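Asks: Sequence below, structure please.
(chains A and B)
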Amino acid sequence: MLNLVANNSMVTEHEEVPDRITVGPSGPKPRRTLSRRNIVVYGTLIVVALYYLLPLYVMFMTSLKGMPEIRVGNIFAPPVEITFEPWVKAWAQACTGLNCDGLSRGFWNSVRITVPSVIISIAIASVNGYALANWRFKGADLFFTILIVGAFIPYQVMIYPIVIVLREMGVYGTLTGLIIVHTIFGMPILTLLFRNYFAGLPEELFKAARVDGAGFWTIYLKIMLPMSLPIFVVAMILQVTGIWNDFLFGVVFTRPEYYPMTVQLNNIVNSVQGVKEYNVNMAATLLTGLVPLTIYFISGRLFVRGIAAGAVKG
Amino acid sequence: MTSVSVRDLSLNFGAITVLDKLNLDINHGEFLVLLGSSGCGKSTLLNCIAGLLDVSEGQIFIKDRNVTWEEPKDRGIGMVFQSYALYPQMSVEKNLSFGLQVARVPQAEIDKRVARAAEILQIQPLLKRKPAELSGGQRQRVAIGRALVRDVDVFLFDEPLSNLDAKLRSELRVEIKRLHQSLKNTMIYVTHDQIEALTLADRIAVMKGGVIQQLADPMTIYNAPENLFVAGFIGSPSMNFFRGEVAAKDGRSFVQVGGVAFDVTGYPARTGLQPGQKVVLGLRPEHVKIDEAGAGDAAHQAVVDIEEPMGADNLLWLTLAGQSMSVRIAGQRRYKPGTAVRLSFDMGVASIFDAASENRL
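Replies: Model prediction:
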């Protein structure tokens, strides 16, 4: 703004002695902050952002209110008296069926399901993708086609057969069973992801490593892995949020004591006994959503850094 | 003594034949350049020799050992790629020593070899840096170093200078030549750049469509191209071609092109030119002499269309016998467009090809 003013004053000064060189436009074209284009773009962005943030705001405010305040009915008003009671209750005391130890049990179950599933599925899929991209074995195309088709088959079709398979393996209803299911279902999309990434790396790098005498695993571990942080972060985001938010497999393939957090949340919110404790429900929902949210915040940064590091070509 | 020998090598990708029954013997310590436009199979041939592609038919010998089924690392080769292919996450030192570490060479030996390679290529100050912190020329030097530390018999270069700018390219070209003179290894070098081929090679193999068109030393390739393709591919600007017919008169031979007759009596023909034969006469721009009006052969009068001064020499585009041709003259001789000049030719260094078979006569 200051600059603009200075420019204008210069123009007026020179108007008495017209001089085409100094009066004519020079340097960057000045742009107005409040142009119509900016108003439309930023206006739309702000409205959309508010639209998505409003439910979160309502939930957060409600979770900090006591029941009497909620009954007043103004859901947008901030709490008059802030209380963390609903959060404590949602975490440690809320009842699901017979148990009254809150979401904490579900949280730890979800951790025990998510961590191994994510690690195993990414480990296997990255090797699959690497083999498909760099070591063209016989039948590679067929194998890849089958994997892709697998990505499009609706889960519901496979639930019953998988129940039988897990039962025959003796892992039905256990965490192990659920981890196996998550690993298998993550395979098509993750393999595709890794294959495309590795196929995008310069082929000559792979050739150079072969001339240097490196084999399948040496090339994978020493050359490919260190170059692949961005895609691993992407895969991790996909898998952590996908598995953490999973409800269907959690409810079908496990017993109540192993229910993941999402299933437990549903049981708390949908319990029909007694008063509907909205504040506790809101707190429980926020708690359940906290993990994917954290992952986005932390890894989103890592992701950008990984991309930036990968952008510098060797 | 052959260092690398390729016997009846064929390679097919599905129905496409990239290399067809190719034979090539490379002597020990020789610098051989595979030259051709893209898609001619030169890089494919190099990859086959390196063992990075499985051959469809035929055999490859390196140092009289059949390596057709050997892994790249067991063939005694080092390879330098166009895109450098340095491992981006490793320092220069690690890049150089990676292959040796994989081969479990003792650390003391690794240090010795890395130090030697760094000294030869003058990259000691760069050893601790990552490839991203190096310039293009430095990267390619490191890539050469990676082949050097492997202590191999045969160096393979796959268009190593194509990613560099013109100035660096000519600098590194000299360095590669110097390297070859001091190491005396066998080197096979793939390029589409004829200047690189002519300056570096002991012998050049000009390739087209998976077939070697001519295999000879640079001067033979340049002065006595075996066929029309080689003649047109080598030389910039390209050789001037005149399609005509052989005629004989008074014991002298001529090539009659339209209304213009070229006296080719002095041409060292292999088989003798038959009158009436359809031929293509090839004249390099620098083998045409320009005489001021009045001198020279009155039959070869031409008008200057365009002048392209290049400093050291000067390129004239003229029209003769109804077609455009180029003439290279010394840089200080200038001709304005529209000037009439007379041309004379040195048939001792001309080339004549059969119009049908396109082979040298």
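Asks: Tell me the secondary structure at A:Lys29.
Replies: Local secondary structure at A:Lys29 is given as coil here, using DSSP: H, G, I helix; E, B strand; the rest coil.
Asks: Number of residues surrounding it?
Replies: 6 (other Cβ atoms under 10 Å in any protein chain shown). (Glycine included, C-beta is placed from N, CA and C.)
Asks: Find the residue closest to B:Leu273 in space, skipping its chain neighbours.
Replies: Nearest residue to B:Leu273, sequence neighbours excluded (Cβ to Cβ, 6 or more residues apart in numbering or on different chains): B:Val246, at 4.6 Å.
Asks: and that neighbour, that's in a strand?
Replies: Yes - secondary structure assignment places B:Val246 in a strand (three-state DSSP).
Asks: Could you report the pLDDT at it?
Replies: Here the pLDDT value assigned to B:Val246 is 91.
Asks: give me every residue that touches it.
Replies: By Cβ atoms under 8 Å, 6 or more residues apart in numbering or on different chains, B:Val246 lies in contact with B:Ser253, B:Phe254, B:Val255, B:Gln256, B:Val264, B:Leu273, B:Gln274, B:Pro275, B:Gly276, B:Gln277, B:Val279.
Asks: how about a cut-off of 7 Å?
Replies: B:Val246 is in contact with B:Ser253, B:Val255, B:Leu273, B:Gln274, B:Pro275, B:Gly276, B:Gln277, B:Val279, counting by Cβ atoms under 7 Å, 6 or more residues apart in numbering or on different chains.
Asks: so which of these comes closest to B:Ile352?
Replies: Using Cβ to Cβ, B:Val279 comes nearest to B:Ile352 of these, at 5.3 Å.
Asks: hang on, that closest one in a strand?
Replies: Yes - going by three-state DSSP, the assignment for B:Val279 places it inside a strand.
Asks: Where does the prediction get shaky in chain B?
Replies: Scanning chain B for pLDDT under 70 picks out B:292-299.
Asks: Tell me which residues are up against the one helix or strand B:Leu215 maps to.
Replies: B:Leu215 belongs to strand B:211-216 when assigned by DSSP states H and E. Counting by Cβ under 7 Å, 6+ apart, the neighbours of strand B:211-216 from elsewhere in the structure are B:20, B:22, B:24, B:203-207, B:221, B:225-227, B:229-230.
Asks: swap the cut-off to 6 Å and go again
Replies: Counting contacts by Cβ atoms under 6 Å, 6 or more residues apart in numbering or on different chains, the residues outside strand B:211-216 that touch it are B:Ala205, B:Val206, B:Glu226, B:Phe229, B:Val230.
Asks: Among those residues, which lie within helices?
Replies: Judged by DSSP state H, helices contain the following of the contacts of strand B:211-216: B:Phe229, B:Val230.
Asks: Return the closest of the contacts of strand B:211-216 with respect to chain A.
Replies: Minimum distance to chain A across the contacts of strand B:211-216 is 21.8 Å, recorded for B:Ala205 (Cβ to the nearest Cβ).
Asks: Surely the closest one and B:Leu34 touch.
Replies: Yes - counting by Cβ atoms under 6 Å, B:Ala205 touches B:Leu34, with 5.2 Å between them.
Asks: hey, what's the residue nearest to B:Leu273 bridged with?
Replies: According to DSSP bridges, B:Val255 are recorded as the beta-bridge partners of B:Val246.
Asks: Look up how far chain A lies from it.
Replies: Computed as Cβ to the nearest Cβ, to the nearest Å, the B:Val246 to chain A distance reads 50 Å.
Asks: Report how many residues lie close to the one residue in the stretch 51-200 of chain A that gets nearest to chain B.
Replies: For the stretch 51-200 of chain A and chain B, the shortest gap (Cβ to the nearest Cβ) falls at A:Arg136, measuring 10.3 Å. Other residues lying near A:Arg136 total 10 when counted by other Cβ under 10 Å.
Asks: Regarding residue 163, which helix or strand does it belong to?
Replies: I'll assume chain A. With DSSP H and E as criterion, A:Val163 is part of helix A:155-169.
Asks: please go with chain B instead
Replies: When the helices and strands are read off by DSSP H and E, none of them contains B:Asn163.
Asks: So for B:Ala205 and B:Leu34, which residue has more residues nearby?
Replies: Neighbours per residue, other Cβ under 10 Å: of B:Ala205 and B:Leu34, the larger number sits with B:Leu34, 28 against 24.
Asks: The strand or helix carrying the more buried one to strand B:211-216, inter-axis angle?
Replies: Assignment of secondary structure by DSSP H and E places B:Leu34 within strand B:31-35. Our comparison of strand B:31-35 with strand B:211-216, counting by axes from the mean of the first three to the mean of the last three Cα atoms, to 10 degrees, yields an angle of 140 degrees.
Asks: Run through who's touching strand B:31-35.
Replies: Outside of strand B:31-35, the residues within contact range by Cβ under 6 Å, 6+ apart are B:26, B:42, B:180, B:187-190, B:197, B:200-207.
Asks: Closest one to B:Gly338 out of these, please.
Replies: Within those, distances to B:Gly338 taken as Cβ to Cβ reach their minimum at B:Ala197, with 37.5 Å.
Asks: Quick check, central residue of chain B?
Replies: B:Ala197 (3.1 Å; Cα atoms, centre = their mean).
Asks: Does it lie in a helix or a strand, and which?
Replies: Using DSSP H and E, B:Ala197 maps to helix B:194-200.
Asks: quick one: contacts of that helix?
Replies: B:Phe31, B:Val33, B:Leu35, B:Arg173, B:Lys177, B:Thr191, B:Ile204, B:Pro218, B:Ile234.
Asks: ok, so of those residues, who is nearest chain A?
Replies: When these are compared for distance to chain A (Cβ to the nearest Cβ), B:Thr191 comes out closest, at 16.0 Å.
Asks: got the buried residues for the helix holding B:Ala197?
Replies: Applying a neighbour-count criterion of 16 or more other Cβ atoms under 10 Å in any protein chain shown, one finds B:Gln194, B:Glu196, B:Ala197, B:Leu198, B:Leu200 buried in helix B:194-200.
Asks: Check these against chain A and report the nearest one.
Replies: The nearest member of the buried residues of helix B:194-200 to chain A, counting by Cβ to the nearest Cβ, is B:Glu196 at 19.1 Å.
Asks: are any of the contacts of B:Val246 buried, and which?
Replies: B:Ser253, B:Val255, B:Leu273, B:Gln277, B:Val279.
Asks: looking at it, A:Ile82 is touching A:Gly66, isn't it?
Replies: No - here A:Ile82 does not reach A:Gly66: they are 9.4 Å apart, not a contact under Cβ under 6 Å.
Asks: what's the first-to-last distance across stretch B:208-222?
Replies: In terms of Cα to Cα, to the nearest Å, the two terminal residues of stretch B:208-222 are separated by 17 Å.
Asks: Stretch B:305-315 now?
Replies: Taking Cα to Cα, the span from the opening residue of stretch B:305-315 to its closing residue is 11 Å.
Asks: re earlier: wait, which of the buried ones among the contacts of B:Val246 is closest to chain A?
Replies: The shortest separation between chain A and any of the buried ones among the contacts of B:Val246 is 44.7 Å, and it belongs to B:Val279 (by Cβ to the nearest Cβ).
Asks: which ones are touching the closest one?
Replies: B:Val246, B:Ile352, B:Ala355.
Asks: now swap in B:Gly311 and tell me
Replies: Listed by Cβ under 6 Å, 6+ apart, the contact partners of B:Gly311 are B:Gly331.
Asks: how close does it get to chain A?
Replies: When Cβ to the nearest Cβ is the yardstick, B:Gly311 and chain A sit 35 Å from each other.
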